[in-house]
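S.K.: Fold the following, please.
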Amino acid sequence: MAELIEAGTDVVRINCSHGSWDDRGRQIRLVREAAAAAGKHVAIIGDLQGPKIRINRFREGCVTLAEGSRFVLDTAMDPQAGTADGVGIAYERLPQDVSPGDSLLLDDGNILLTVERVAGTRVVCVVVAGGDLSDNKGINRQGGGLSAAALTEKDREDIRYAAGAGLDWLAVSFVRSAADMVEARELLRKAGGDAHLIAKIERSEAVTNLESIIDASDAVMVARGDLGVETGYAGLTGLQKKILRLTRARRKVAITATQMMESMVHSRVPTRAEVSDVANAVMDGTDAVMLSAETAIGDFPVRAVAAMAEVCLGAETYQFSAGRPRDRADDRFQSINEAIAMAVMYTANHLQPQAIAALTETGSTALWMSRVRSDIPIFAFTRHEATCRRVQLYRGVYPVAFDLSRPDPSLVNQELLALMRKRGHIDEGDLVVITKGDLTGVQGGTNSMKILRA
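M.R.: Purely as a prediction, here's the structure:
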């Protein structure tokens, strides 16, 4: 973990699909201890499992499905008794959710079935694209339409544990609508948690309800595995660009995920196509790119992080259109601190200071600033450790632990500049834009901007 953080890891995702909360508690402590030892702030995402839309198990662990053969999905079948003729299915509503002619995809689309008929608990299919199929693989209906609720009883229990564990972000899987995010937030707050919420966009229904889901969330994840299966791979890249564009426009955070450097599960170097994939996501304005199997079970986790970080830095040297100041030229701002944030970025893009320093309680001002492309680092000065960790997910924002209640208020600006010089962020004579509020400790109180020379 120390090596992963040194290689460039800013955020760690813990998958609630695996292990127990005792296991996750140890993982959380490991991340916190390694981050403290490295002198870094590292955020932790808890990723809820969501509904188990999966087949059950085979007697021999694996079967081979031949093209043109019949294969039955049966909710009443013994969960351990699957054969090449059929298998049990954990999702009990499948017979009600499908009709003859529907296409079902198993194992991330590697197996394609067409529904021939539905008889009671049995969904009789014809194998269109066969191959090897093993236990517990996922199942999707092409075009979406499976009625499984986003939050299961396990998810509700995990939300309660996540609140107690002090996680920084919580990702909700298989979101269908804004109501799923509202329910998750209510459950989290009721349990005493203050994590911010990530909506994983991986169902066709989520694409239909995209704007309202973004509004109900703090961040979205382009979860390209199930999303590509449900919507089709041909339009996936265009859909990814649309999600990133809408998310930035609505002042929320975007994560791009799934198979970004998949070859590095077993390879020491990424493919050129993977390099392009990561770089294009960066140039399209994503806040973060995520590794999954590469670091969870891969042979070269540290090399994968280092390679991804190198590609990100390379991509950031090129211009991209997301978040230019003109994007909000006709907007009416809802708060004073948002107006200040936009004034700062307009100034920064025309004055080109060396750095922007935002004194912040929650990180909101830094988030609004980071929605506008400037290539100028934004330093979020805050006394709250949780805010230091959370802003690590914001593009171009760097946390600095700073207790504003200690310095003489009249000397705050000098303290900020001195700390930035000490850390090597600025040199003598550099221009710095500083934002802060008149009252210490007031959320949403940013009301002033100053331009200083170090």
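S.K.: use CA for all of it now, contacts and neighbours both
M.R.: Fine.
S.K.: for the protein, what's the longest helix?
M.R.: Longest helix of the chain, by residue count under DSSP state H: helix 21-38.
S.K.: Now tell me what touches the next helix or strand after that helix from outside.
M.R.: Following the chain from helix 21-38 toward its C-terminal end, the next helix or strand by DSSP states H and E is strand 43-47. Applying C-alpha atoms under 8 Å, 6 or more residues apart in numbering, the external contacts of strand 43-47 come out as 10-17, 28, 162, 167-173, 389-390, 392-393.
S.K.: Drop anything exposed from those.
M.R.: With burial judged by 16 or more other C-alpha atoms under 10 Å, the buried subset of these is 10-16, 28, 162, 167-173, 389-390, 392-393.
S.K.: check contacts around Arg389.
M.R.: 41-43, 168, 399.
S.K.: State the pair within those residues that is farthest apart.
M.R.: Between all members of the contacts of Arg389, the longest pairwise span (C-alpha to C-alpha) is found for Asp168 and Pro399 and amounts to 14.3 Å.
S.K.: Please enumerate the strands of the stretch 301-450 of the chain.
M.R.: 355-359, 378-382, 397-401, 431-437, 446-453 (DSSP state E, counting those that start in this stretch).
S.K.: what's the closest of the contacts of Arg389 to Ile340?
M.R.: Relative to Ile340, the closest of these is Pro399; by C-alpha to C-alpha it sits at 19.3 Å.
S.K.: who touches the closest one in this structure?
M.R.: Taking C-alpha under 8 Å, 6+ apart, we find Pro399 in contact with 41, 379-382, 387-389, 391-392.
S.K.: ranking these by neighbours, who comes first?
M.R.: Neighbour counts for the contacts of Pro399 were taken using other C-alpha atoms under 10 Å; the highest belongs to Ala380, which has 29 neighbours.
S.K.: and it, what pLDDT?
M.R.: pLDDT, the model's per-residue confidence, is 96 for Ala380.
S.K.: Tell me the bridge partners for it.
M.R.: Going by DSSP bridges, Ala380 is paired in beta bridges with Ala358, Pro399.
S.K.: From Thr387, how far out is it?
M.R.: Computed with C-alpha to C-alpha, to the nearest Å, the distance linking Ala380 and Thr387 is 9 Å.
S.K.: Equivalent analysis for Pro353, please.
M.R.: From Pro353 across to Thr387, the span is 24 Å (C-alpha to C-alpha).
S.K.: nearest spatial neighbour of Ser134, skipping sequence neighbours?
M.R.: Leaving out its chain neighbours, the residue that sits closest to Ser134 by C-alpha to C-alpha, 6 or more residues apart in numbering is Cys62, at 4.2 Å.
S.K.: Which parts of stretch 183-198 count as buried, going by neighbours?
M.R.: 184-185, 187-188, 193-198.
S.K.: what about it, distance to the chain center?
M.R.: 16 Å (C-alpha atoms, centre = their mean, to the nearest Å).
S.K.: Extract the CA atoms of it and return them as PDB.
M.R.: Extracted in PDB, the C-alpha atoms of stretch 183-198 (Å, rounded to 0.1, in the frame of the first residue of the first chain):
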ATOM      1  CA  GLU A 183     -32.700   6.800  -0.600                       C
ATOM      2  CA  ALA A 184     -29.000   5.900  -0.200                       C
ATOM      3  CA  ARG A 185     -28.200   9.400   1.100                       C
ATOM      4  CA  GLU A 186     -31.100   9.300   3.600                       C
ATOM      5  CA  LEU A 187     -29.900   5.900   4.900                       C
ATOM      6  CA  LEU A 188     -26.300   7.100   5.200                       C
ATOM      7  CA  ARG A 189     -27.200  10.300   7.100                       C
ATOM      8  CA  LYS A 190     -29.600   8.400   9.400                       C
ATOM      9  CA  ALA A 191     -26.700   6.100  10.300                       C
ATOM     10  CA  GLY A 192     -24.500   9.100  11.100                       C
ATOM     11  CA  GLY A 193     -22.300   9.000   8.000                       C
ATOM     12  CA  ASP A 194     -21.200  12.100   6.100                       C
ATOM     13  CA  ALA A 195     -19.600  10.400   3.000                       C
ATOM     14  CA  HIS A 196     -20.300  11.900  -0.400                       C
ATOM     15  CA  LEU A 197     -22.200   9.700  -2.900                       C
ATOM     16  CA  ILE A 198     -21.100   8.300  -6.200                       C
END
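S.K.: where do the helices sit along the stretch 1-150 of the chain?
M.R.: Ranges of helices within the stretch 1-150 of the chain are 2-7, 21-38, 94-97, based on DSSP state H, counting those that start in this stretch.
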